[in-house]
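Chemist: Provided below for reference: sequence and predicted model.
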Amino acid sequence: MPATISPACARRGSSGWSHLRVRRRNKSDEGVEILVADMTVAYKVIRETFTSRVTLDRPRLVIHVEYLDGPFSRLDNRWEFVAGEAGGCEVKFHISYEFRSRTLALLMGAMFDAAFRRFADAFERRANEIYGQPSRA
């Protein structure tokens, strides 16, 4: 049964709108969870939805997102959580994408970059709320 994540995942900001909806969720006995999710991003009059497979690999502390359908020719991103000092954690994030349409790339490229920066910033803010500010050595 489709489920929308939390209201925090549907936002309208100065540079666009985004929404995330989980279509399917499967868990394995090995601690790996696979989601198929739709994400909608919009900017001015342009609105695009794409579908991804999200693998939450808890034992390896990795989140891998693979593109399935939408306006891209490719989209791949990976979150890796590496144990740090004093119980902390370093988060490594990589994203690689290319729009299928050159016109769409020109119209939405900068907005898409900014949207992913906002998602990363929101992730960091939420982690700081839950776990506290990182210590600076």
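Modeler: On my side now, so go ahead. Residues are numbered from 1 along each chain as shown.

Chemist: Residue 42 pairs with what?
Modeler: residue 17, residue 47 (DSSP bridges).

Chemist: okay, it: pLDDT?
Modeler: On the pLDDT scale, residue 42 is placed at 74.

Chemist: what sits up against stretch 59-67?
Modeler: Identification of contacts with stretch 59-67 by C-beta atoms under 8 Å, 6 or more residues apart in numbering yields 30-32, 50-57, 74-82, 97. Any C-beta I mention is one placed from the backbone N, CA and C, and that applies to glycine too.

Chemist: Now restrict the residues you listed to buried residues only.
Modeler: Buried members of those, counted by 16 or more other C-beta atoms under 10 Å: 50, 52, 54-57, 75, 77, 79, 97.

Chemist: now the strands for this protein?
Modeler: For the chain, applying DSSP state E gives strands covering 3-4, 11-13, 16-27, 32-43, 46-57, 62-69, 72-83, 89-99.

Chemist: weakest of those in terms of mean pLDDT?
Modeler: If you rank these by mean pLDDT, strand 3-4 sits at the bottom with a mean of 36.

Chemist: can the buried ones among the contacts of stretch 59-67 go into CSV with extra columns for distance to residue 65?
Modeler: Listed next are the buried ones among the contacts of stretch 59-67 as CSV, based on distance: C-beta to C-beta, whole Å:
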residue, distance to residue 65
50, 10
52, 5
54, 5
55, 8
56, 10
57, 12
75, 8
77, 5
79, 8
97, 10
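
Chemist: from those residues, which single one is nearest residue 22?
Modeler: Residue 22 lies nearest to residue 54 out of the buried ones among the contacts of stretch 59-67, by C-beta to C-beta, at 8.6 Å.
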